[in-house]
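Engineer: One predicted model, sequence on top.
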Amino acid sequence: MEPIFLTPYFRPKIWGGRKLDTIFHYDIPEGKVGEAWIISGYKDDASTVTSGPLKGKSLREVYHEHPELFGNPKSKEFPLLVKFLDANDNLSVQVHPDDDYANKVENDSGKTESWYVLQADPGAYLIYGHHAKSKEELSEMIKKGQWDKLLRKVPIKKGDFFYVPAGTIHALTKGSLVIETQQSSDVTYRLYDYDRVDKKTGKKRELHTQKSIDVTTVPHKDPKLNVHTEKVQDAEIKTLVEPPVSPHFYLWQIDLDGTWKTTLNDHPYLLVSVIDGGGEIEANGQKWNLKLGDNLIIPNEMKNFTFTGKMRIVMSAPGKE
């Protein structure tokens, strides 16, 4: 009957930086750290419970051992993954498969994801989509290395949101910090990597050209999002994406200045990340402090709860099973 607070799992990346320390004050490893898997039940890369009777267990263990906390779900694995990404350099240009392709080829889930921009340096942009009109044109432009002609660049600023369905060519670029909500999968096909050489191996990183072509949606179409905002008590709740546009997850931005009493609203559980400010959450006569960078799951048994304070949170829930 209490929130499940989590400690992130960190991943070094050649494109990473140190913002996960300087902004969120996480105790990250030395060197370039690109990713904090802040709410993760993925295999060995799971987040760890930080307090309460489940302290020290991974989210994956908790999900398997205590399904009642998640509404006794049908899914065998925790279905969502939330990350902070610090792009101190350009990420490789990538594309992810859908569930059907990933199940057949990788024995894993597909990967639909989304980005909410927390910071963006002047001039920062995303690679989001492409300009090819057919698979043949896509293959030809890739073969000829016509990346400037092929790739679609979109300027970004703080507060922007992008839904990235499986099959979408995409990449973060230097100077962007985002929170990513996605299916719990790590299947990534690298299409282009700027001909970079990994200093550890002395070689260029592996590309997955044919698989990338196989799974890319052609032509690219921006998803039609029904973003809308409602005022509930002292909270402004912006729905960023939801089924049926996004079958895998709901996602909200919540700006609070005061008090918001709410419930699970038919969701089996909720994932919460504090991205600005702070406050507290109260349930069953108990209170827990919330600060920037805190991540937690509101379990199925916490039917009613109250947020108070001045903060911005990103909240998600799994799609309907």
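Structural biologist: Nice, thanks for sending it over. Residues are numbered from 1 along each chain as shown.
Engineer: For the longest helix anywhere in the chain, what is the distance to the chain centroid?
Structural biologist: Across the chain, the helix with the greatest residue count (assigned by DSSP state H) is helix 135-143. How far helix 135-143 lies from its chain's middle: 29 Å, per CA atoms, centre = their mean, to the nearest Å.
Engineer: With stretch 248-262 instead?
Structural biologist: 17 Å.
Engineer: List the buried residues of it.
Structural biologist: 248-256, 260, 262 (16 or more other CB atoms under 10 Å). Every C-beta, even on glycine, is put in place using the N, C-alpha and C of the backbone.
Engineer: ok, now stretch 204-214?
Structural biologist: Quick answer for stretch 204-214 (16+ other CB under 10 Å): 207-208, 211-213.
Engineer: likewise stretch 141-156?
Structural biologist: For stretch 141-156, by 16+ other CB under 10 Å, it's 141-142, 150-151, 156.
Engineer: pLDDT and distance to Glu2 for those residues - can I get that in TSV?
Structural biologist: Below are the buried residues of stretch 141-156 laid out as TSV (pLDDT from 0 to 100; distance: CB to CB, whole Å):
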residue	pLDDT	distance to Glu2
Met141	98	53
Ile142	97	51
Leu150	98	50
Leu151	98	46
Ile156	98	37
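Engineer: could I get those residues as CSV with distance to Tyr101?
Structural biologist: Output for the buried residues of stretch 141-156, formatted as CSV (distance: CB to CB, whole Å):
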residue, distance to Tyr101
Met141, 22
Ile142, 18
Leu150, 21
Leu151, 22
Ile156, 28
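Engineer: what kind of secondary structure is Asn103 in?
Structural biologist: Here Asn103 is recorded as helix under DSSP: H, G, I helix; E, B strand; the rest coil.
Engineer: distance of Leu225 from Ala317?
Structural biologist: Separation of Leu225 from Ala317 (CB to CB, to the nearest Å): 17 Å.
Engineer: Compare these two and say which one has the larger neighbour count.
Structural biologist: More crowded of Leu225 and Ala317, by other CB atoms under 10 Å: Ala317, with 20 against 16.
Engineer: Partner strands of the helix or strand harbouring the more buried one, with direction?
Structural biologist: Using DSSP states H and E, the element containing Ala317 is strand 304-318. Next to strand 304-318 in the sheet, as set by DSSP bridges, lie strand 249-263 (antiparallel), strand 270-283 (antiparallel).
Engineer: Which SSE is immediately downstream of the helix or strand of the chain with the lowest mean pLDDT?
Structural biologist: Across the helices and strands of the chain, mean confidence by mean pLDDT, DSSP states H and E is lowest for strand 197-198: a mean of 82. Next in sequence after strand 197-198, counting helices and strands by DSSP H and E, comes strand 203-204.
Engineer: Show residues contacting that next one.
Structural biologist: Contact with strand 203-204 is made by 193, 195-198, as judged by CB atoms under 8 Å, 6 or more residues apart in numbering.
Engineer: rerun at 10 Å
Structural biologist: Residues from elsewhere that reach strand 203-204 (CB atoms under 10 Å, 6 or more residues apart in numbering): 193-198.
Engineer: for these, which one is nearest Pro165?
Structural biologist: Relative to Pro165, the closest of the contacts of strand 203-204 is Asp193; by CB to CB it sits at 22.4 Å.
Engineer: contacting residues around the closest one?
Structural biologist: Asp193 makes contact with 14-15, 90-94, 171, 204-207, according to CB under 10 Å, 6+ apart.
Engineer: now the closest residue to Gly293 other than its chain neighbours: how far from Lys83?
Structural biologist: Distance criterion CB to CB, 6 or more residues apart in numbering; nearest residue to Gly293, sequence neighbours excluded, is Phe24 at 3.5 Å. According to CB to CB, Phe24 stands 12 Å off from Lys83.
Engineer: which residues do these two both contact?
Structural biologist: Residues touching both Phe24 and Lys83 (CB under 10 Å, 6+ apart) are 8, 36, 38.
Engineer: The first one and Ser139: what is the separation?
Structural biologist: The reference is to Pro8. Taking CB to CB, one finds Pro8 at 39 Å from Ser139.
Engineer: higher neighbour count, these two?
Structural biologist: Neighbours of Pro8 and Ser139, each counted by other CB under 10 Å, are more numerous for Pro8; the result is 23 against 16.
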